[in-house]
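# Dropping a prediction and its sequence here:
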Amino acid sequence: MTGKYTIYPLHLGDIVRQKSNMAYMREPGTKVTFPIIAFYVTDGQTKILVDNGGTPPDHRYQPYERTAEQEPVRALKRLNVEPGDITNVILTHLHWDHAGNNRLFPGAKFYIQRTELQYAVAPLKIHEGSYDYDLIFRTKYHVLDGDCKIFDGISVITTPGHSPGSQSVVIETEEGPYLIAGDLIGLYECYESDPMVANGIHTDLVAYYKSLEKVRALNCRVLPGHDPTVLEHRAYPFNR
Ligand SMILES: [Zn+2]
């Protein structure tokens, strides 16, 4: 392993939601199409996913659009990756649009924060629809307790707020570190606004803003969870 990774965003479908769903209290009533994004991360040897997209689109309670080309196996194949090649899946959190395809990677080791699992078991009723219980509890997880290094060049930091156990993934590249933020930062504009804007779905706003400050202090390039402009580059870093 080189400890220097390349990050490929995977476009795994689209959700149409109110803007205020992704950016708290911004433009309520305005419908926006947000991509569902997962990330394939590799140094040429180790093959990792950060998140893995949404549950099947015929889902009982969370409808969204997914073309055949956006099916996770097809999206990986375009990068010459087979599902069985994926050895590790790091989940930013357990919401249906981030951890909906665990079953496609039975040979992988799945990383999640303990606090995320604990909340998913018994969330507030208003958040129950964010978790697909049929899927997420069939996975055996490698449970993490706090910030830690996963590999040389890949570490996770806890960034609670959107959910209690949300984590962000810091990845070393030839151009310095990138941070995959999950839904802590759904859109670039949320991170670039002053004050910064939380996701409309959150469990603790005070913790949320501490997490945003924690990310800011790292001075990484940030990859948001649902910003269409993330998909404008086939891979990161892109300026090589
Ligand atoms: Zn989420």
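That came through, no problem.
# Over to R17. Which of the three states is it?
Here R17 is recorded as strand under DSSP: H, G, I helix; E, B strand; the rest coil.
# How much space separates it from the ion?
11 Å (Cβ to the ion, to the nearest Å). Heads up, the C-betas are built off the backbone N, CA and C, glycines and all.
# what number of residues lie near that residue?
16 (other Cβ atoms under 10 Å).
# What of the one 10 residues further on?
Residues lying near E27 (other Cβ under 10 Å) number 11.
# can you tell if stretch 46-65 touches the ion?
No: on the criterion Cβ under 5 Å from the ion, stretch 46-65 is out of touch with the ion, staying 9.6 Å away.
# Please renumber the chain so that the first residue is 7 from this point on.
Noted, 7 is the first residue going forward, which turns the last one into stretch 52-71.
# Which pLDDT value belongs to the closest residue in space to K10 that isn't next to it in sequence?
Closest residue to K10 apart from its sequence neighbours, by Cβ to Cβ, 6 or more residues apart in numbering: E180 at 5.3 Å. Listed pLDDT for E180 reads 95.
# From G159, how far off is E180?
11 Å (Cβ to Cβ, to the nearest Å).
# what is in contact with these two at once?
Common contacts of E180 and G159 (Cβ atoms under 8 Å, 6 or more residues apart in numbering): K10.
# Looking at these two, which one has more neighbours?
G159 (19 against 11).
# Tell me if I'm right that that one and Y11 touch.
Yes: distance between G159 and Y11: 5.8 Å, which falls inside the contact criterion (Cβ atoms under 8 Å).
# Quick one: list the elements packing against the longest helix anywhere in the chain.
Identified as the longest helix of the chain according to DSSP state H is helix 211-224. Using 3 or more Cβ pairs under 8 Å, 6 or more residues apart in numbering; DSSP states H and E, the elements in contact with helix 211-224 are strand 160-164, strand 173-179, strand 182-186.
# now the first one and strand 182-186, what's the angle there?
On the basis of axes from the mean of the first three to the mean of the last three Cα atoms, to 10 degrees, strand 160-164 is oriented at 50 degrees to strand 182-186.
# centre of the chain versus strand 160-164, how much separation?
What separates the centre of strand 160-164 from the centre of its chain is 13 Å, taken as Cα atoms, centre = their mean, to the nearest Å.
# Now do the end-to-end distance for stretch 133-144.
20 Å (Cα to Cα, to the nearest Å).
# now the residue most central in space within the chain: how far from the ion?
Nearest residue to the geometric centre of the chain (Cα atoms, centre = their mean): G188, 3.5 Å. Distance, G188 to the ion, using Cβ to the ion: 7 Å.
# Over to D138?
Taken as Cβ to the ion, the span from D138 to the ion is 12 Å.
# Give me the neighbour count for that residue.
23.
# Could you report the distance from the nearest residue to it once chain neighbours are set aside to the ion?
Spatial nearest neighbour of D138, chain neighbours left out: W102 (4.4 Å); criterion: Cβ to Cβ, 6+ apart. Using Cβ to the ion, W102 is found at 8 Å from the ion.
# That's all I had, so thanks and see you.
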